[in-house]
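Asks: mind folding the following:
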Amino acid sequence: MVDYPIFEQLHYLLVADFNVYGSTGLQLASRTYMDLLRQDAEDNFLRFMPAMERENIYNSWYIGLNSWRKADPLFNVNHETQVKFKTTNHKKEFFDQLRQKMGKAAGTVDTINHCEQADCIRANTTLIQQQVDSEMRQLAKLKGHDLGALVDDMLLRVKTGEPTGDLVYTLLIDKAFTNISRMIADDARRMPENDRITIYPGFIGSYPNFFFSVEKNQLGEFVNRIRNAKTATDIDQIYSKFGIRRTNLDIWQHADWFNEQHKIYRGVEAGLLDMSRYDNL
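Replies: Residues are numbered from 1 along each chain as shown. Now for the predicted structure:
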């Protein structure tokens, strides 16, 4: 929970006039300071939770490294929260109450990743977009090892058969870790069984790891192949049929198309997508 003092420190110490080309020492110091600010924000969040739940929630963030934190957590067990809970799923209920309190300021409802009814329809969308969203919801339901075939940040082009009607979705793998308190040995702290995927209509990020191009009527097969990919051969078939590898002769035509869509989506804030992290899967 980022309050104004934390936000102010983030801006003036790590954003305003920050030297992005600074030394390794500066980068390490910045990461250390970010750790401290994150811990302050964690304490803020814990204060909204029931007092007796705070330590359990805290421990779930620092699995195996409870002694690594640079500052003792402020559980404030003698000061009960003023939030009125009606269920035992305190975190979800808190966020639901927060969204309701914020109203329109909370943004649009996520009808793809958090659809809680039989039929979710994104506002101001065409019938084709609604059909594609429905397929994307099936992909959003995949968890853990079912997502093992995918990389971190992917852009999906859905070809609708209309020259100007193709759609863009960003696919983000939310990787699970026992904790995020160290800059090294990420693989040793991975919990792939807890991975999730976030699907966003449009663009998130500027460093895509891969492009997919899928015909609208093949989206079901695309999702099923991802779900059932258990071997290296299975994964190779996904990228061979639906992916745009670096060795694809048409890769720059696809990159140009995504960049044009990026300009439409972000307007004057758009820039060229950085391909330096693009994988050849």
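
Asks: check which residues of stretch 155-174 are buried.
Replies: 155, 156, 157, 158, 160, 167, 168, 169, 170, 171, 172, 173 (16 or more other C-beta atoms under 10 Å). Where you see a C-beta, it was placed from the backbone N, CA and C, and this is true even at glycine.

Asks: just give me the closest of the residues you listed to residue 26.
Replies: Nearest to residue 26 among the buried residues of stretch 155-174: residue 172, at 28.4 Å, using C-beta to C-beta.

Asks: then the helix or strand encompassing the closest one to CSV, C-alphas only?
Replies: Per DSSP states H and E, residue 172 falls inside strand 167-174. In CSV, the C-alpha atoms belonging to strand 167-174 read as follows (Å, rounded to 0.1, in the frame of the first residue of the first chain):
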residue,chain,number,x,y,z
LEU,A,167,-6.6,-7.3,-32.5
VAL,A,168,-3.6,-7.1,-30.1
TYR,A,169,-3.4,-8.8,-26.7
THR,A,170,-0.5,-8.8,-24.2
LEU,A,171,0.2,-12.1,-22.5
LEU,A,172,2.2,-11.7,-19.2
ILE,A,173,3.4,-14.6,-17.2
ASP,A,174,3.2,-13.8,-13.5
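
Asks: domain parsing for the chain?
Replies: If you go by automatic domain parsing, the domain ranges for the chain are 4-106, 127-269.

Asks: next, format those domains as CSV and append distance to residue 116 and mean pLDDT.
Replies: Formatted as CSV, the domains of the chain follow (distance: least, C-beta to C-beta, whole Å; pLDDT from 0 to 100):
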stretch, distance to residue 116, mean pLDDT
domain 4-106, 10, 86
domain 127-269, 11, 94
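
Asks: of those, flag the one that's most buried.
Replies: By mean neighbour count, with neighbours taken as mean count of other C-beta atoms under 10 Å, domain 127-269 ranks first of the domains of the chain at a mean of 15.

Asks: and it, how far apart are its ends?
Replies: By C-alpha to C-alpha, to the nearest Å, the extent of domain 127-269 from end to end equals 29 Å.

Asks: just stretch 215-234 next, same as before
Replies: End residues of stretch 215-234 are separated by 19 Å (C-alpha to C-alpha).

Asks: now do it: distance to the chain's middle.
Replies: Computed by C-alpha atoms, centre = their mean, to the nearest Å, the separation of stretch 215-234 from the middle of its chain amounts to 21 Å.

Asks: again with stretch 115-125
Replies: Mean-position distance between stretch 115-125 and its chain equals 20 Å (C-alpha atoms, centre = their mean).

Asks: circling back to that earlier point, so which of the domains of the chain comes closest to residue 114?
Replies: Smallest distance to residue 114 across the domains of the chain (C-beta to C-beta): 8.6 Å, for domain 127-269.

Asks: residue 199 belongs to a strand?
Replies: Yes: counting by DSSP: H, G, I helix; E, B strand; the rest coil, residue 199 falls inside a strand.

Asks: state the distance from it to residue 34.
Replies: Distance of residue 199 to residue 34, given as C-beta to C-beta, to the nearest Å: 28 Å.

Asks: same question for residue 259.
Replies: Separation of residue 259 from residue 34 (C-beta to C-beta): 31 Å.
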